Structure formats: C-alpha cells, structure tokens
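J.: sequence and computational prediction follow.
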Amino acid sequence: MNRIASFVILTMLLISNSALAGNLILDVNTDLSHYTPGATATIYVDLDNTTGSSKSGSVTINITHLGVLTSSLTSQPFSLSNGGTTTLIYTWATPSTDYTGYSIEVDAVNSGGATLDSMNSAIDVSSSWTKFPRYGYVADYPSSLTSAAATHDMWLLKNYHIDGVQFYDWQWKHHIPLAGSVSTPASSWENINGDTNYASAVNDYIDAAHYYGISAMNYNLMYGAFAGYGQDGSGVDYNWGLWEQNNGTDQWNISMPSGWATTNLYIFDPGNTGWQRYIYGQESNVFSVYGFDGWHVDQLGNWNTMYNHSGTSVNYGAEFPGFLSGASSALGKTIVFNAVAGFGLPSVLADEAFGYVECWPTANGGTQNNYNDLKSVVDGINTASPGEGVVLPAYMNEVYGESNTGYFNTPGVLLADAAIFAIGASHLELGAGLGGNDTLDMLDNAYFPNENLTPTTSLLSTLQVYYDFDVEYENLLRGQLSNSTNTIALTGIANGPYAANNEVWAFAKNTGSTHMLNFINLLNATNTNWRDDDANYPIPPTQTNVVVTYYYGGGTTPGHIYWASPDTSTGRMAALSFVTGSNGTGNYVQFTLPSLAYWDMVYLTA
C-alpha cells in the first residue's frame, strides 16, 4: 500500500468543512474529483450523532440525473449512541455516458421509514477534466510540507470536486523554470518573491493531486525573463524582446517589489520564433523532471503599443494563438491560457483546453465590472466555441483586502458564485497550503500567496454545497443551453433579465423543450459589481412562496417542472406543481418557488 493510500485510510474520519452538516449526516464525499465513464466511484457517508439520544436505522442512497432516478444503492444499517461516529462506504459503477453530472441523495431513516437526516453530494462522470473545469491552486512549497499534509490538502480540494490545480509561482526563474538540470534537478530554489521552494513539496502536491484524479498544471508566464538574462548563460537574446520605443531601447519590463529575486521582469515577443523555441525547450525540461499534466500560460494583458527590435510595431495579442498552438505541438500537454480581462479572445480559444479569463473592473484596466459583464464574457466564449469550459479567476473583496486583514464577506462571495455558476462558468477561488492543515484558502488578490483575508468555516461549508450543486446540474449550467429572450415575471417582486439593484435577476436559457431559469436575489442590493470591494454586501432578504409566470414561447408545453437551490436541502431537486395558460403575452406556465435566498434554479422539460 502506498503512502498516500495509507494516509487516506487513517484520516477518513477527519472531516473538515462539512457540507452544512445536519445532526446525523456529517458529510458525503467521494474518492475522486471526477470519474471516467464506467469507473467505480466510492462514496463515503460520515455519520456523527449530535441529536442528543441514540439513533439507529439505515442509510439509503439514490443516484439521480436532473431529477430522474439512475440507481439505488443497497442501504446500510447504523446504530449510534449520542456522540457516536461512523463512516459507511458505498460503491457505484458509473454509467458509460460521458460528461454527465449526477446527484447523490443520501437519507438516514429509522426503522419505521421516517427520515432522520438528509444530504446531497455529486459525481461528475467525465473522461477529461477540461470539459467541466473546476480549478484550484497551490501557492506555497515549504520544506515543512509532509506527504500526509499534501494529501490532506488535495483531499480537501477534492471534496469541492476541484479537478485541476494551478501550481502558482512554483518555478525558479520565468525564463529558466527548472532549477538545476534535467539530469540533476535542484532540491530547492529561490522563487521570484524570495521564498524558498522545495522540490519535495512540489512532487508531493503533484502526487496527491493525481491520487484524487486532479490534474496538476505548471504555471509560467509566456514571455518573461529575470533581470540579467543576457549574462546568466541562458542563451536568451535581447533581440527577441518587445520594446516600448521603436529604436530598440527601453525593453518592456515590469518592476518587482524591493527584496524580490529580480528587480524587473523583461518581456519578449511571443511571436518571435527564437523565443518560442527557447521557452518551449525550457518547459520541456520541466515536464522531463516533474509530473505536471499541462502548462498554465500567463500573460500581462493589453498594454501600450510595443515594437520588435527592428522597430516594427507588434500586435502581440494576435500572436497568442500561434504561440499556444506551437506549445501544444512541442510539449504534447494540456494548455490553458489566461486571457487577461478578455485580451486574446476569441482567437485563443481554439488552441487552449478551456476559456480562462482573469476578470478585472475598469479601475484595473478591464471591462468586467458587474455581474452582467461576467455573463457577457461567458456568452462570448460560448458563442465563439460552443460547449467549451470556462473558468473565471475573480478576486473577491480585493480593495478591502489590500488594507485589512480578517474574513471574506460571505454574502458577496455567495452572490458572485451564484452568478458565475448560473451563467455557465466556474470560479477560481479555492486553494491549499497557505492557511495550514484542515482548511482551505481563498483568493482576494491576483498575487496568489497574498492571504490578508480568509474564509470562515461557515462560508467554506456553504461553498461545498455550491460546488456540489454545480456538478449535479452541470448539464444544465455549463453551456448546454442557449440564452433565451423568453419572459419571466415574478408576482409582486421587481425582476429583470439583467442584474440590477434591488431586483431579482431572472434569466432563461433553453434548447428545444428543455428550459432552465435562474433566479439570483439582488433585493436590497445597492451595487451589482461582482467584486464586493468594500466587503459589505448585505444578506439578501429571503423570499418565500414566490409566484413565477414563465412565457415559454411557441414550442412544446412543459410537462415537468423541477426546482433546486444550493440554499435549500443541500441542493436536492424537487418537483413543482404548475398550471398552464395563455394570455396576450403568450403561452405560459405558472408555479411557486417555495423560497429564494441567494440562488434558485428551475428546470422545465417535456
């Protein structure tokens, strides 16, 4: 038995950040982040009796897909005194259908069949993680990291179904990412901020990620070099550079903070074939030593007009696709590219595994200010490359975090995640390593090691449900349906198809007879900017018994309507009764949402 497997067995009961645990079911999770079709999934149900008295009965599991039963697993008995704990282990042979999300519906019932507690989780059956990417990160590689700690960190990320991890600033120098040589790699090296990275930590994190089915992505800038590159024997040629003047002076560079390992990062022309051959070779060295699965290629966004050394202006954004295609051919690895603030879209989409857009408001040189702008980004990617996965790195509470320490503002985070998931993307926000064992980190800054703000245990618990929800209903949420102009009306509540202050943001998508409606509660909101810069967004007032009239157009009348929310019953889908009719606006169905806290989703089908 390998060391990772031994650690997993020893720590199966050490559950952290349980998904809104009830008083009997503490957590439900699986052994992998996702599964290839036909693979066997192992499901862990952790029981912790906090009811105040002894409880016995059985635990049943139903596997469903969009409200339809797929499998019922053999129930298992339990008997627990107050305070007693146990873990029940189930297996499920996943279906052969690729790229499908399933709900795990777990119920603890007594001998009379009465429900004692319930919880949902999820399973993603996908042969490739890049179809429904859920990206996390690592940003610390200390000598103190043990294999057991690395495994636990990845286990935590796996519980959120994170299927890819970006190894941020793991490398030595940007133009020489591998410290040492292929034959004799260094055991440690100074990274760009002056910290020491250890090869043992990088390897332990890669091994742990792979154990849970998580892809490990090697981060590096596409076109950067440390100061002194011309004298360090690397072979980098200044003639490959990008220049701010057309006379071959003033190479484009970025100043680094005092005390860092380099004073400046110098930028090179991504279309220069000499630079391409050089940096592809450097990345090849990395893959020869470390078990990374791909290259996460970063850039700096759209700056001023730049020139090559001969004085010709360079449209370096137009060179991105060729650089990425060349990297894919040279390395044979997964390529992900950061289209900073949308720079490079849509031309880069054909040459990367999925769309990745670091979102910036106008104040930071971007155009992604509010929830509607995020939707425009995702819609644009879906139009240019239908079905392509989308990840949005979007840094919450950033202005507040620049001058304060403390906690993230939960309402702002949940509204942003509701928006990002509902529009068909995932949110790069969760990482491991910096916050210590038994917890996860969250991003409040573009510099990933920054850790001024931390998530509360309650927020992490809630987010586990949100990530379960994203997986359960990925076939509705993730680019399978098209935007619709069909009208949604809420009785007595202001609403509209665009995010607006003090309204419910209600928008529809459909393909044929399949419809999905999303309701995001912005009542009492005075700002729809996704970042919640001052970390002060209020909890939206929960609405109950919300009457909805949906004008579904001239197609097939819906025969079934289902409602689900990550804010209720840990995301379990329930059928809704409805009536049909027609008026001057068109054919409609009318139904009632039992409640609306942050986000509700309604699924209509024939």
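T.: In hand now; what should we look at?
J.: CA only for contacts and neighbour counts going forward, please
T.: Noted.
J.: which of the helices and strands in this structure ranks last by mean pLDDT?
T.: The helix or strand of the chain with the poorest confidence is helix 3-10; it has a mean of 39 (mean pLDDT, DSSP states H and E).
J.: point out where the chain drops to low pLDDT.
T.: Applying pLDDT under 70 to the chain flags the ranges 1-21, 434-438.
J.: for the residue nearest to Tyr238 when sequence neighbours are not counted, grab the count of nearby residues.
T.: Leaving aside its sequence neighbours, Tyr238 sits nearest to Gly230 (Cα to Cα, 6 or more residues apart in numbering; 7.1 Å). Neighbours of Gly230 under the rule other Cα atoms under 10 Å: 13.
J.: equivalent analysis for Gly22, please.
T.: Residues near Gly22, counting by other Cα under 10 Å, number 18.
J.: tell me how many other residues surround Val289.
T.: Applying other Cα under 10 Å, we find 15 residues neighbouring Val289.
J.: the one 5 residues further on now?
T.: Residues near Gly294, counting by other Cα under 10 Å, number 23.
J.: ok, back up a step: you'd agree the residue nearest to Tyr238 is up against Asp237?
T.: Yes - using Cα atoms under 8 Å, Gly230 is in contact with Asp237, at 6.7 Å.
J.: skip ahead from the least confident helix or strand of the chain and say which helix or strand is next.
T.: Helices and strands here follow DSSP states H and E; after helix 3-10, the next one along the chain is strand 25-30.
J.: and that next one, which strands flank it?
T.: Note on strand 25-30: by DSSP bridges, its sheet partners are strand 40-48 (antiparallel).
J.: run the angle between the next helix or strand after the partner strand and strand 40-48 for me.
T.: Going down the chain from strand 40-48, the next helix or strand is strand 55-65, by DSSP H and E. Strand 55-65 runs at 140 degrees relative to strand 40-48, counting by axes from the mean of the first three to the mean of the last three Cα atoms, to 10 degrees.
J.: mind listing what the residue nearest to Tyr238 touches?
T.: 236-238 (Cα atoms under 8 Å, 6 or more residues apart in numbering).
J.: kindly report the same for Asn495.
T.: Here Asn495 is in contact with 489, 503-506 (Cα under 8 Å, 6+ apart).
J.: kindly reformat the contacts of Gly230 as JSON lines containing distance to Tyr498.
T.: Formatted as JSON lines, the contacts of Gly230 follow (distance: Cα to Cα, whole Å):
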{"residue": "Val236", "distance to Tyr498": "49"}
{"residue": "Asp237", "distance to Tyr498": "50"}
{"residue": "Tyr238", "distance to Tyr498": "49"}
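J.: among these, name the buried ones.
T.: Using 16 or more other Cα atoms under 10 Å as the burial test, the contacts of Gly230 include 236, 238 as buried.
J.: closest to Tyr407 among the contacts of Gly230?
T.: Checking these against Tyr407 by Cα to Cα gives Val236 as the nearest, at 43.6 Å.
J.: wait, doesn't that closest one sit right on Gly228?
T.: No - look at Val236 against Gly228 with Cα under 8 Å: they stay out of range, at 10.0 Å.
J.: and Gly431, which helix or strand is it part of?
T.: strand 430-432.
J.: before we move on, what about Ala327?
T.: Per DSSP H and E, Ala327 falls inside helix 320-331.
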